[in-house]
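J.: predicted model and sequence follow; I will ask about them next.
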Protein chains: 2
Amino acid sequence: MKKDIQISEVGPRDGLQSVTSIMPTDAKKRWIKAQFEAGTTEIEVGSFVPASLLPQMADTAEVTRYASSLEGLDVAVLAPNLYGVKAAAENGAHKISIPFSMSESHSVKNVRKTHSQMLEEIARCSEFIQSLGEQRPMLEVGLSTAFGCSIEGAVPESRVIAMAEEVIKLGVDEVGLSDTTGVGNPRQLKRLAEGIWQHCGREKLNGAHLHNTRGQGLAVALMAVEIGMTTLDSSLGGLGGCPFAPGASGNIVTEDLVFMLESMGLNTGIDIEKLIEVRTLVQAALPDETLYGFTPDAGTPLGWPYGEN
Amino acid sequence: MKKDIQISEVGPRDGLQSVTSIMPTDAKKRWIKAQFEAGTTEIEVGSFVPASLLPQMADTAEVTRYASSLEGLDVAVLAPNLYGVKAAAENGAHKISIPFSMSESHSVKNVRKTHSQMLEEIARCSEFIQSLGEQRPMLEVGLSTAFGCSIEGAVPESRVIAMAEEVIKLGVDEVGLSDTTGVGNPRQLKRLAEGIWQHCGREKLNGAHLHNTRGQGLAVALMAVEIGMTTLDSSLGGLGGCPFAPGASGNIVTEDLVFMLESMGLNTGIDIEKLIEVRTLVQAALPDETLYGFTPDAGTPLGWPYGEN
């Protein structure tokens, strides 16, 4: 059965890079395998950044190679620059995402690059990826802080749309909308998406990466789905957030997102009971971290899923 | 400035009837006053039920009289039968809501009445309210377990729509959609609302009472707003749930709901900073209870609210 919505599990990347505990490589592999077996067919498994910056991600190359050995799994990774993009491609990633902060002060603080320096870097990455030919990974640019920034405050929507256009001109496959600090609202997502679709083409934006910092994650995700977006990032147990954005915490909880989508009759391909079981494994490997989510505590309702009747 | 959405604070009723602590009458009054001063102009202050059943609600008459002395506040109360409706009217309630469970087994368990017995009771209540003339309170029937039931499982949508029609024929002013056990999803709310509007008239359904049991509350609330509903129940700190529905817990958090609506440019009339301050008072009066909500912890974002730009 064809999936209506692709849920991209970002826990092994966004979750693990935000917690202080370091998950052993074997536990990461078990997590990825278990979640794949629960029906998750896209997982962001790590970030190709220097281990000195994010020791939690030091084993990303090994984890990426392992994940790409699981047939049917789309292996996504983050890479902030050409060096990371090359490493990601060499290790078998299928989808590489470059974070590009729409707030220039956040960009400078996070990756020490201005907007024009980032555009140059993205151009180099795009050129490299194109050079790999037909079997190349997909290259996405994640428009981070697209909904607002904890350093700059409001981020003009016109700037986000203009930047998306610049990036698409550089030959990347897609842009994504990221609410890095969890300040966004559903109607803002709609305006941003429709603006980008108008300027870049409908097929150039399909996914959103939303945070639940102010409890808005599922509501914004609902709007994304209702306007026709097809990929949503989320994190098992809501692990993670952005370590470089003060005050930010909390990805959308995968379990609650699956419950919402499947309740609405949208196929995610994920078995929610098996998904909830994966928590046990993750919690055992991260005994000091709190896992979030309402559906795991409440359970699925009697007789669920309900159809139209 | 005219409100776009009326948030009906149900904490003093749904919140307090669900917790084991009993809030002193004076603390209830301080809560109601503080939240009114923060801009909340509709508050459900109590439930006219026997004190032996819900000792937390024993002072509802006094609290209702106090609340109706606050000029500009719409005082809502719950009443399960004619006895309660009469007491509510006598004590100055402006809006009386009768819960009517769409699941007959839940109705029998909760108020020991079958559907036909409930319809008879509602008819008597409606007749009584009509007899009060022009200054009469508004009478609403809350269609509880409209989204599903923890005893029966799925509740047919056709039954909910048919019951709404029966109830409206009895002369009540409005019906409301209640997700008593937090099993609902956004598209289900849309189907139910559109069905009721079609069969009963657009003006006969304006409000929803949603629970956050599975983390879906704000997403369902978003759909309610997007299809044109104008009243949403929520509870400060997410206090409450339904004590008669096993496994149910958690109203929508008022603070997070205000954040969502105001972020979208919808006027609630509520000052979110003042609203968050009310938590201190409530927590002091209920030291053993947990208050929920993300926005109070994260705070409003720098430069918020963001306009379109």
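T.: Perfect, thanks for sending it.

J.: roughly how far apart are the nearest residue to A:L291 once chain neighbours are set aside and A:T254?
T.: The spatial neighbour of A:L291 that comes closest, neighbours along the chain excluded (CB to CB, 6 or more residues apart in numbering or on different chains), is A:G237 at 3.1 Å. To be clear about C-beta, it is placed using only N, CA and C from the backbone, and glycine gets the same treatment. For A:G237, the distance to A:T254 (CB to CB, to the nearest Å) stands at 8 Å.

J.: OK, now which residue of the stretch 51-200 of chain A is nearest to chain B?
T.: A:G153 (2.7 Å; CB to the nearest CB).

J.: re the thing from before, neighbour count: A:G237 and A:T254, which is higher?
T.: A:T254 (34 against 23; other CB atoms under 10 Å in any protein chain shown).

J.: so what's the most centrally placed residue in chain A bridging to?
T.: Nearest residue to the geometric centre of chain A (CA atoms, centre = their mean): A:D233, 4.2 Å. With DSSP bridges as the criterion, A:D233 is bridged to A:S8, A:H209.

J.: from what I see, it and A:R13 are in contact.
T.: No. The criterion here is CB atoms under 8 Å, and A:D233 misses it with A:R13 at 9.5 Å.

J.: who's in contact with A:S103?
T.: Residues in contact with A:S103, defined by CB atoms under 8 Å, 6 or more residues apart in numbering or on different chains, are A:T145, A:C149, A:I151, A:E152, A:V155.

J.: sorry, wrong one. I was asking about A:G142.
T.: A:L78, A:S97, A:I98, A:P99, A:F100, A:V175, A:G176, A:S178, A:H209.

J.: confirm it sits in a strand?
T.: Yes. Applying DSSP: H, G, I helix; E, B strand; the rest coil, one finds A:G142 inside a strand.

J.: from A:T280, how far off is it?
T.: 30 Å.

J.: what's the overlap in contacts for A:D233 and A:R13?
T.: Contacts common to A:D233 and A:R13, judged by CB under 8 Å, 6+ apart, are A:E44.

J.: and the stretch 201-309 of chain A, which of its residues are near chain B?
T.: A:212-216, A:218-219, A:221-223, A:226, A:247, A:249-250, A:253, A:256, A:259-260, A:263-265, A:293-295, A:298-299, A:301-304, A:306-309 (CB under 8 Å from any CB of the partner chain).

J.: quick one: buried ones out of these?
T.: Using 16 or more other CB atoms under 10 Å in any protein chain shown as the burial test, these include A:212-216, A:218-219, A:221-223, A:226, A:247, A:249-250, A:253, A:256, A:259-260, A:263-264, A:293-295, A:298, A:301-302, A:304, A:306 as buried.

J.: got the contact list for the residue nearest to the residue of the stretch 51-200 of chain A closest to chain B when sequence neighbours are not counted?
T.: Leaving out its chain neighbours, the residue that sits closest to A:G153 by CB to CB, 6+ apart is B:G303, at 2.7 Å. Contact analysis of B:G303 by CB under 8 Å, 6+ apart lists A:G148, A:E152, A:G153, A:A154.

J.: which of the contacts of A:G142 fall in strands?
T.: A:L78, A:S97, A:I98, A:P99, A:F100, A:V175, A:G176, A:S178, A:H209 (DSSP state E).

J.: how many neighbours does the third one have?
T.: Same thing as A:I98. With other CB under 10 Å as criterion, A:I98 counts 25.

J.: now the residue nearest to A:G153: how far from B:N309?
T.: Applying CB to CB to B:G303 and B:N309 gives a distance of 11 Å.

J.: A:S107 too?
T.: 19 Å.

J.: so which elements touch the longest helix anywhere in chain A?
T.: Selection of the longest helix in chain A by residue count, based on DSSP state H, yields helix A:115-131. Here helix A:115-131 touches helix A:82-90, strand A:95-101, helix A:104-111, strand A:138-144, helix A:157-169, going by 3 or more CB pairs under 8 Å, 6 or more residues apart in numbering or on different chains; DSSP states H and E.

J.: so how far is the third one off the chain centroid?
T.: If you compare the mean C-alpha spot of helix A:104-111 with that of the full chain, they lie 19 Å apart, counting by CA atoms, centre = their mean, to the nearest Å.

J.: quick one: that helix to helix A:157-169, angle?
T.: Inter-element angle recorded for helix A:104-111 and helix A:157-169: 50 degrees (by axes from the mean of the first three to the mean of the last three CA atoms, to 10 degrees).

J.: in helix A:104-111, which residues are buried?
T.: For helix A:104-111, by 16+ other CB under 10 Å, it's A:E104, A:H106, A:S107, A:V108, A:N110, A:V111.

J.: can you put those in JSON lines and add pLDDT and distance to chain B?
T.: Putting these into JSON lines (pLDDT from 0 to 100; distance: CB to the nearest CB, whole Å) gives the following:
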{"residue": "A:E104", "pLDDT": "97", "distance to chain B": "15"}
{"residue": "A:H106", "pLDDT": "95", "distance to chain B": "12"}
{"residue": "A:S107", "pLDDT": "96", "distance to chain B": "17"}
{"residue": "A:V108", "pLDDT": "96", "distance to chain B": "17"}
{"residue": "A:N110", "pLDDT": "89", "distance to chain B": "16"}
{"residue": "A:V111", "pLDDT": "91", "distance to chain B": "21"}
